[in-house]
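>>> build the 3D model from these lines:
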Amino acid sequence: MPRFIRFIGYKKLVPEAQAPYQKYVTDAGYDLTAVSINETEDYIEYGTGIALEIPKRMVGLVFPRSSVTENDLMLKNCVGVIDSHYRGEVRCRFYNTKEHLDYVQLDLFNGTSNHIHQPRLNRKLYKVGDRVCQIIFLTLPELKLIEKEELSSTDRGDGSFGHTGK
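As a prediction, the model looks like this:
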């Protein structure tokens, strides 16, 4: 059966950037490698040094790699969406889950409270050269939303969060 291959252009923005790649041909995502780190009080951002030319009607979805479970990180926006018209650097912004051990100390005798900030030591983060995220490319269907007076019925209906029990 003939295969239809879409081409997605990429540009190295810095010489040390690594092309997005699949470790195995069966992988869904293309790994993104960190070439820079920008750490602030609110996040840690890894630059990949890569810009993409995603075709129209396609999207790149940036997910954490499974190795994130070995680090003290969580992707801040859960899934990054790279639209087809974006041409800037693909960056991965994480929340450092063990950066802060904050708590409020209450003084019950005089009704005051103090905010205590105590950074954690020995945190595990990605380093420059590590594969930090993966990007999955999907073709988007052409859609048109239409307003309706009534929607078709289903077994679930309008049952929401946890409506089926445990």
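
>>> so residue 90 belongs to a strand, correct?
Yes - secondary structure of residue 90 (DSSP: H, G, I helix; E, B strand; the rest coil): part of a strand.

>>> from here on, call the first residue 21.
Understood, numbering begins at 21; the last thing we discussed is residue 110.

>>> contact partners for it?
Contacts were defined as CB atoms under 8 Å, 6 or more residues apart in numbering; by that measure residue 110 touches 52, 68, 70-72, 80, 82, 100, 102, 155. Any C-beta I mention is one placed from the backbone N, CA and C, and that applies to glycine too.

>>> return the closest of those with respect to residue 31.
residue 71 (4.7 Å; CB to CB).

>>> any idea how many residues pack against the closest one?
Using other CB atoms under 10 Å, residue 71 has 17 neighbouring residues.

>>> and it, its phi and psi?
Reported as degrees, to the nearest 10, the phi and psi values for residue 71 are phi -120, psi 150.

>>> so how far is residue 50 from it?
As judged by CB to CB, to the nearest Å, residue 71 and residue 50 stand 14 Å apart.

>>> can you check residue 181 too?
Noted for residue 181: a distance of 33 Å to residue 50, by CB to CB.

>>> more neighbours, these two?
residue 50 (21 against 4).

>>> the residue nearest to the more buried one when sequence neighbours are not counted: neighbouring residues, count only.
Nearest residue to residue 50, sequence neighbours excluded (CB to CB, 6 or more residues apart in numbering): residue 40, at 3.7 Å. Other residues near residue 40 number 22, with proximity taken as other CB under 10 Å.

>>> next: residue 179.
As a burial measure, residue 179 scores 10 neighbours (other CB under 10 Å).

>>> how about residue 42?
Neighbours of residue 42 (other CB under 10 Å): 12.

>>> residues in contact with it?
49-51.

>>> lowest average confidence, helix or strand, in this protein?
strand 120-127 (a mean of 48; mean pLDDT, DSSP states H and E).

>>> picking that back up, which of the contacts of residue 110 fall within strands?
Counted as lying in strands by DSSP state E, out of these, are 52, 68, 70-72, 80, 82, 100, 102, 155.

>>> where's the dip in pLDDT among those residues?
By pLDDT, residue 100 ranks lowest within the ones in strands among the contacts of residue 110, coming in at 88.
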